[in-house]
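Enquirer: sequence-free structure coming up:
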């Protein structure tokens, strides 16, 4: 309920608040709810609930299904998130690809595209121009389907000044001080739903990993998500919430130290995790081409002779370095579940034994912990899902904005 | 305001809630407030505010002063936290001392005592017995002053199972699996205010560092607090709140790795920060006796010849190791202020240059950050202040419990 400066309840904006509570309650549920269910869960009266549900249906945020056949009495119509009505767009520029993905309020992928390519040292104008076109193409109405775009979130592998929509530094792209909205231009931004919000790719991927559907937490609510492409980022998820840090720069685990006198990193320091467990570092250590895939690594280690041995050592070294650094994260934050994403996801089973052994040796609370390491699945562009989810979050935070004006009866 | 399962407002317990809002608003203020100020800040009516303020005065939580002389009209009486009426007790057993401190609601120290001694390998029964007596002596009514003890919090340097009031492991004390309430016995627990809550000493010290007075944040709201005695603990404070971690075991920074092949630690791993920046490690590296003080170290480094050089190197090594590990903390959590507490506090000025240089080299966001390192002051037993504050927090969370039953008029 809206409150005064220090907690006194006010009446103003009560409808907006209650609309949001109803929408969030419905979306948080893992099954459709009836109006009566919603009234019971929110503590609102049946008549208030019904009036507000009609607003949510008119806003195309909620759909009301048909009654189950054979039930007696007044039918309890199931309410559920609407499909293909309001959508969010996630875009991503990363070192090896650009990607876009459109999600609807039910969490279904409406459209997506991933284009691989080497973006090191690329011109941000070219890449952002391509992403603008990609986004416009993905959200263009097709046939009968005319969803409304709630907004766009752009995932980038670097430090972001969210307040000013500015990428400060993306070391592996070679980009610094870029304001994508300026590069895209107001017309493109308007076509992308009126806003292009920037966010760090690891945090968006972690948001996706922590989310079952828009407005609904996944099963695993507390974990460290490690997102490795060429760079290595991370995000700590506590009880379903992604920690961003006071300025949004949390999660730069790729630059946490493994060995103080280790290999020189692009950031200028020595022994950063990225130089052991980043994609290019593993491939270089294994003696493989920079455009090899995780599957190539797994295959290489089973070849006979020194090249197999080299691949094996490169993988063990990555697992060990991840263990050293993540043990520090676990000791510092008391989170005992690790999720490996991006290029590390397909390697998770291979890396697990060495990584877990290092964690077990170094985590003080290991004897009382259930340390686990798993892969995030094979979705390389998980950050675009996170971006689309973040764009859709604005709808659930203020559904009132989406309710059409009532015409006089 | 109390709410239904998913946010609908209920009327029940409204008085309890409003009492807490009023008390918390008053305590959060850095100056006395009048009833009118409180009504304005909370959005409650003047008459509700007045009625509840009288309850808080009757509960001895708030005092109402005299009007400023010379002011016209109805006098605005200043309300402030009560002194020496309701108190909290913080106790601490650490490797080199036991301590107790009593704080009142105004944040004044009513009584305290610190007893130094070597507690390595001590019997928990002896130490807890001594602490029980110390606590009873500190809270015994003296003359006219008869404060009520709200509760006791016991600070310990280890992993704590708060739910079951159990110390799982305190490596440097050599204690494991201790339930202090059982050791103390129900009579002593009753004398200590009816509850003895356990908490980690670094987190309590950080709480004290983040707090200006009971219920009021200090100036610095976001920082990493490093608490070094023989062991090294830490606590991350985000916007005034101490991060505990899902199970309460966050902050074990003493076991974060500096060098994977570094010196063996008591925890079984190699290269833990404690082996570089813990009190005994620095003294051993400097070639000084284990019971030397920080001042001895600073003096030793200015002696001529190899012993001076050895002390200098030990201090530089501690600063460097703190920099390597804290750079990881800053990269992971985006917190750019470091507060050095415990035995490191008097060394902060000495350690700062090397520590800051390492942070600057290793923190990715360093160019946009205001990295700072400061000492926490010379209060070795800061954790006892944190414990007393935590005990007093229960008063502000539910002041209604302290309001005497009204007798019929």
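Expert: The structure has been received and is ready for your questions. The structure presented is a predicted model; accordingly, all values stated were derived computationally and were not measured.
Enquirer: The stretch 151-300 of chain A: helices as residue ranges?
Expert: A:180-184, A:186-191, A:201-209, A:274-277, A:279-286, A:294-300 (DSSP state H, counting those that start in this stretch).
Enquirer: What residues does the closest residue to residue A:391 other than its chain neighbours make contact with?
Expert: Counting by C-beta to C-beta, 6 or more residues apart in numbering or on different chains, residue A:391 lies nearest to residue A:88, which is 3.1 Å off, once chain neighbours are set aside. Heads up, the C-betas are built off the backbone N, CA and C, glycines and all. Residue A:88 sits next to A:102-103, A:149-153, A:193, A:214, A:387-392, A:395 when contact means C-beta atoms under 8 Å, 6 or more residues apart in numbering or on different chains.
Enquirer: if we go to 6 Å?
Expert: A:103, A:150, A:388, A:391, A:392 (C-beta atoms under 6 Å, 6 or more residues apart in numbering or on different chains).
Enquirer: which among those gets closest to chain B?
Expert: Nearest to chain B out of the contacts of residue A:88 is residue A:392 (C-beta to the nearest C-beta; 19.8 Å).
Enquirer: Give me the pLDDT for the closest one.
Expert: Per-residue confidence at residue A:392 stands at 97 (pLDDT).
Enquirer: Same check on residue A:26?
Expert: Value listed for residue A:26 in the pLDDT field: 96.
Enquirer: how close does it sit to residue A:105?
Expert: Distance of residue A:26 to residue A:105, given as C-beta to C-beta, to the nearest Å: 10 Å.
Enquirer: Residue of the stretch 151-300 of chain A nearest chain B, please.
Expert: residue A:245 (2.5 Å).
Enquirer: interface residues of the stretch 151-300 of chain A facing chain B?
Expert: Proximity of the stretch 151-300 of chain A to chain B (C-beta under 6 Å from any C-beta of the partner chain) is limited to residues A:159, A:222, A:245-247, A:249-250, A:252-253, A:255-257, A:260, A:267, A:269.
Enquirer: residue boundaries of the helices in the stretch 301-409 of chain A?
Expert: Going by DSSP H, counting those that start in this stretch, the stretch 301-409 of chain A shows helices at A:306-333, A:348-362, A:382-397.
Enquirer: circling back to that earlier point, can you tell me the SS state at the residue nearest to residue A:391?
Expert: Here residue A:88 is recorded as strand under DSSP: H, G, I helix; E, B strand; the rest coil.
Enquirer: I'd like the distance between it and chain B.
Expert: Residue A:88 is 24 Å from chain B, where distance means C-beta to the nearest C-beta, to the nearest Å.
Enquirer: what stretches of the stretch 1-150 of chain A score poorly on pLDDT?
Expert: Across the stretch 1-150 of chain A, the ranges flagged by pLDDT under 70 are A:1-12, A:67-75, A:145.
Enquirer: Start from the N-terminal end of it and give the strands.
Expert: Using DSSP state E, counting those that start in this stretch, the strands of the stretch 1-150 of chain A run over residues A:62-64, A:79-81, A:86-93, A:97-104, A:109-116, A:148-156.
Enquirer: Distance of residue A:273 relative to residue B:360?
Expert: Taking C-beta to C-beta, one finds residue A:273 at 19 Å from residue B:360.
Enquirer: Number of residues surrounding the residue of the stretch 251-400 of chain A found nearest chain B?
Expert: Relative to chain B, the nearest point of the stretch 251-400 of chain A is residue A:334 (2.6 Å; C-beta to the nearest C-beta). The tally of other residues near residue A:334 (other C-beta atoms under 10 Å in any protein chain shown) stands at 24.
Enquirer: do the same with residue A:58
Expert: Residue A:58 - counted by other C-beta under 10 Å - has 14 other residues nearby.
Enquirer: Compute the distance between it and chain B, please.
Expert: Using C-beta to the nearest C-beta, residue A:58 is found at 22 Å from chain B.
Enquirer: on that earlier part again, from residue B:295, how far out is the nearest residue to the residue of the stretch 151-300 of chain A closest to chain B once chain neighbours are set aside?
Expert: Take residue A:245 and drop its neighbours on the chain: the residue closest to it by C-beta to C-beta, 6+ apart is residue B:334, 2.5 Å away. For residue B:334, the distance to residue B:295 equals 35 Å [C-beta to C-beta].
Enquirer: and the nearest residue to residue A:197 once chain neighbours are set aside, what are its bridge partners?
Expert: Of all residues not flanking residue A:197 in the chain, residue A:153 sits nearest, at 4.7 Å (C-beta to C-beta, 6+ apart). In this entry, residue A:153 is beta-bridged to residue A:90, residue A:197, by DSSP bridges.
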